[in-house]
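**Student:** Give me the fold of what follows.
(one chain, ligands or ions: 2)
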Amino acid sequence: DPILQDGKPQIAIIGRSNVGKSSTINALTKQKGLARTSSFPGRTAQINLFLINDSFYLVDLPGYGFTRTSREEREDLQHLIHWYLLDSPYHQEKVILIIDANVGLTQDDKDMLFSLEEARKEIIVIANKVDKIKKSEYKKKFEKIESQVGMHKVIPYSAEKRIGQAELTRAVLE
Ligand code: GTP
Ligand code: MG
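**Tutor:** Ligands and ions are numbered 1, 2, ... in the order given. Next up is the predicted model:
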């Protein structure tokens, strides 16, 4: 595919369905210093590439673990994600795994993290929707997430309230 092969770095965004991948991309692309985005169909309609500043792509992948789709459809999506991340010729500069800060890591998240680690990806974890966590539970929830995530950077984030926006932008661009 000519778009996927144009040589510009790709930063993949993955996570469970509904965790806020598209919201995070929207928040990122509205940042000062980042140009307006345009969206291109990728190799299939299910991989969306957003060209930022004419210099790199944010790659919006389908979410995993969506229960309202059929098993077959879920498996197809799972294959697509795995192919792009693990078996395709495309290189990701970074992989951003978005989890729900309020839910913590699900089994699917742990499996994904493990696969990415095995493939030696550079991983950034975003704990999105921190605006939904009660103040009194914040510390406990974050300590748990950090212990599950291990050595990777975890960014407390809210796409909706723009919490952690500067830290995320820095992590993406550095
Ligand atoms: P799929 O494309 O289905 O995989 O979902 P997605 O991961 O792209 O999630 P999306 O960005 O569509 O957001 C899902 C829902 O979560 C929407 O209703 C958002 O408004 C909501 N949401 C996203 N980010 C936040 C956040 O930081 N805080 C809160 N409270 N809600 C959020
Ligand atoms: Mg989405």
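**Student:** ok, then the element right after the biggest strand by length in the chain?
**Tutor:** Using DSSP state E to define each element, the chain has its longest strand at strand 92-100. Downstream of strand 92-100, the next assigned helix or strand under DSSP states H and E is helix 107-118.
**Student:** Can you list the helices and strands that the longest strand of the chain packs against?
**Tutor:** If contacts are counted by 3 or more CB pairs under 8 Å, 6 or more residues apart in numbering; DSSP states H and E, strand 92-100 sits against strand 10-15, helix 21-29, helix 107-118, strand 123-128. Just so you know, the C-beta spots here come from the backbone N, C-alpha and C atoms, and that holds for glycine as well.
**Student:** among these, which is the most enclosed?
**Tutor:** strand 123-128 (a mean of 25; mean count of other CB atoms under 10 Å).
**Student:** My reading is that Lys144 lies in a helix. Confirm?
**Tutor:** Yes. Judged by DSSP: H, G, I helix; E, B strand; the rest coil, Lys144 forms part of a helix.
**Student:** and the gap between the closest residue to it other than its chain neighbours and Ala27?
**Tutor:** Counting by CB to CB, 6 or more residues apart in numbering, Lys144 lies nearest to Gly104, which is 5.9 Å off, once chain neighbours are set aside. For Gly104, the distance to Ala27 (CB to CB, to the nearest Å) stands at 22 Å.
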